[in-house]
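1. A structural model of the following input is requested.
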Amino acid sequence: MPLVTLTLRRGKDVAFKSAVLNAVHDALVIAGVPQADRFQRVLELSADDFRYDASYPDLASPRTDDFVLIEILLSTGRSVKIKRKIAVDLIDSLRQSPGLDPDNVMLVFKETLWENWSFAGGRFIHV
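-> Alright, predicted model coming up:
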């Protein structure tokens, strides 16, 4: 069960946020996550509360207000190869819709053990 957190500057419309979240989900499904396994949240912050360097590390083009930070929390066990595939599929999709410059996308994978997930009612189905 990946948990996706999208952080962006306040003011983006629903279509922009939906396009990003759909792209993330599609990339995860291609990598083997079940279609119904969709848990996502959006954090919208002001410029004062979401600060980032425009060019680190040696970007081809500077980051703009379209910059998005995508965090994917998932269970341990996925290979670097799978994570790279998710990243490539995600960036390709984001170029198409909503038309994001790849330099405006930061992706972070975080891993946790299966025993740290309780999907509902305090049940641990993967332990």
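
2. please count neighbours and contacts with C-alpha atoms only from this point.
-> Fine.

3. and the helices in the protein?
-> Counting by DSSP state H, the chain forms helices over residues 14-30, 80-96, given from the N-terminal end onward.

4. how about those in CSV, adding mean neighbour count, mean pLDDT and distance to residue 43?
-> Output for these, formatted as CSV (neighbours: other CA atoms under 10 Å; pLDDT from 0 to 100; distance: least, CA to CA, whole Å):
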stretch, mean neighbour count, mean pLDDT, distance to residue 43
helix 14-30, 18, 98, 10
helix 80-96, 16, 97, 18
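
5. let me have these in JSON lines, extended by distance to residue 38.
-> Output for these, formatted as JSON lines (distance: least, CA to CA, whole Å):
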{"stretch": "helix 14-30", "distance to residue 38": "7"}
{"stretch": "helix 80-96", "distance to residue 38": "15"}
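
6. my guess is residue 105 meets residue 69, correct?
-> Yes - with contacts counted by CA atoms under 8 Å, residue 105 reaches residue 69, the gap being 6.2 Å.

7. can you get me a residue count around residue 53?
-> Counted by other CA atoms under 10 Å, the residues lying close to residue 53 total 9.

8. cool, residue 75 as well?
-> The local packing count at residue 75 equals 17, with neighbours defined by other CA under 10 Å.

9. residue 118 too?
-> The local packing of residue 118 (other CA under 10 Å) involves 13 other residues.

10. and the gap between it and residue 98?
-> Relative to residue 98, residue 118 is positioned 33 Å away (criterion: CA to CA, to the nearest Å).
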